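In: The sequence isn't on hand, but the structure is:
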């Protein structure tokens, strides 16, 4: 969007919703429509408490909200927008709750040489605890969490649930209102980076929808050198993730995915990704569905993975890969840090239309864990009969809406 229109967020969102493909038009307009608010200047929080308000940053280098305390902070019923990070805290052991907040990334409007992407909704480093519930994320570069420093004995560690996000975007700004069509930063809806040995972690009931040409996500969720514990795996469940695209999806190769639940080169078990369970999720049109590429004790089960391998206008994508794989991508076995990784009992329809009308590539398990007799434990994965179509993708969104209704789950900001 150009700088003259960035303040009229409601007009931008209305235009966005009018242009959405059929699968997305089921979203309620009110979920992301910008309220009529007056924004204050950026805020820095130095003491704990509950904070309600509307803040914005017009500078790509200044967060709209900065947290400089370890005392518990709650941000709720807020509107936040920024040309840089929306909410930021580093090295303060922040204990943060963000709920019922609308976060919008404004265009950075900076030249390519600065390597600016749309701002993170939330960027925490060396943090103490986090709850992120019932928020709307519009055009941000997601949630980045590095190095948990909380007390493992406390009841709440990390919870991310019932959020709604559109267009996670890592494209680099090339100037006012423009993005590079080739250069990007790898961003995710949720990125864990060295969040190790943390119990009671849950990422659940989130909806993320990315559109080609308006987003650039690497994986929607990535667990990089991050782990739960044997008695309490990281739980990623009952999410709906749709769309993962490169900048030129019909021309340039792309290796993104819906989820990578174990990633990173680790020379010791204590540093490796591990104890992550992904279940009951729906992944639609995400190039690769679920990857188990590094670490140990990773489990993906009971998920639905559907992709036609086509853009909303029907063109096939270049990077279409595989529904779910278990593969030691970084050769971690040489250090003894890749083992006991299993994908089972998933339903998969993963078309590869460039190989043929009915061609599919649902699974790839070169490094799945084996049973006592040497047989693979990646079993009971159901391949749907082809061809896998865009109609089937739309049906998954309908299935998701029914699931929400039956479970009585409300996504995004719930008005007071």
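Out: Yes, it's here. Remember, it's a predicted structure, so these values are computed and weren't measured experimentally. Numbering: from 1, shown residues only.
In: switch to C-alpha atoms for all contacts and neighbour counts from now on
Out: OK.
In: I'd like to know how far the residue nearest to the spatial centre of the chain sits from residue 198.
Out: Of all residues in the chain, the one closest to the mean position by CA atoms, centre = their mean is residue 189, 2.4 Å from it. Residue 189 sits 20 Å away from residue 198, going by CA to CA, to the nearest Å.
In: The helix or strand containing residue 191 pairs with which strands?
Out: Using DSSP states H and E, residue 191 maps to strand 190-193. According to DSSP bridges, strand 190-193 forms sheet pairs with strand 143-148 (parallel), strand 219-224 (parallel).
In: which residues in this structure form helices?
Out: Here the chain has its helices, by DSSP state H, at 9-19, 390-407.
In: Can you tell me which of those has the worst average pLDDT?
Out: When the helices of the chain are ranked by mean pLDDT, helix 9-19 comes last with a mean of 35.
In: What ranges in this protein fall below the confidence cut-off?
Out: Applying pLDDT under 70 to the chain flags residues 1-35, 152.
In: pretty sure residue 37 is in contact with residue 53, am I right?
Out: No: checked against CA atoms under 8 Å, the pair residue 37 and residue 53 is beyond contact range at 9.6 Å.
In: Just want to know which of these two has more residues nearby.
Out: Legend: neighbour count by other CA atoms under 10 Å for residue 37 and residue 53, higher for residue 53 (16 against 10).
In: If we ignore the residues flanking it in sequence, what's nearest that one?
Out: The shortest distance from residue 53 to any non-neighbouring residue, by CA to CA, 6 or more residues apart in numbering, is to residue 78 (5.0 Å).
In: How about residue 109?
Out: Spatially, and ignoring its direct neighbours in sequence, residue 109 is nearest to residue 176 (4.0 Å; CA to CA, 6+ apart).
In: what about the one you found, how many neighbours?
Out: 15.
In: From residue 126, how far off is residue 146?
Out: From residue 146 to residue 126 the distance is 6 Å (CA to CA).
In: what sits against residue 155?
Out: Applying CA atoms under 8 Å, 6 or more residues apart in numbering to residue 155 gives the contacts residue 200.
In: Distance of it relative to residue 230?
Out: From residue 155 to residue 230 the distance is 17 Å (CA to CA).
In: What is the end-to-end distance of stretch 264-275?
Out: Note: stretch 264-275 ends 14 Å apart using CA to CA.
In: meant to ask about stretch 102-116, not that
Out: 22 Å.
In: which residues are in contact with it?
Out: 1-3, 6, 32, 59-60, 77-84, 86, 117-121, 135-140, 172-178, 180, 413.
In: do stretch 57-74 as well
Out: Residues contacting stretch 57-74 (CA under 8 Å, 6+ apart): 41-51, 55-56, 80-89, 92-99, 108-110, 116, 119, 128.
In: filter these to the buried ones?
Out: Among these, the ones that count as buried by 16 or more other CA atoms under 10 Å are 42-44, 48, 55-56, 80-89, 92-99, 108-110, 116, 119, 128.
In: I'd like to know which of those are part of strands.
Out: Residues of those located in strands (DSSP state E): 43-44, 55-56, 80-82, 87-89, 95-99.
In: ok, the closest residue to residue 212 other than its chain neighbours - contacts?
Out: Nearest non-adjacent residue to residue 212, counting by CA to CA, 6+ apart: residue 245, 5.8 Å away. By CA under 8 Å, 6+ apart, the contact list for residue 245 reads 210-212, 215-217, 254, 256, 286-287.
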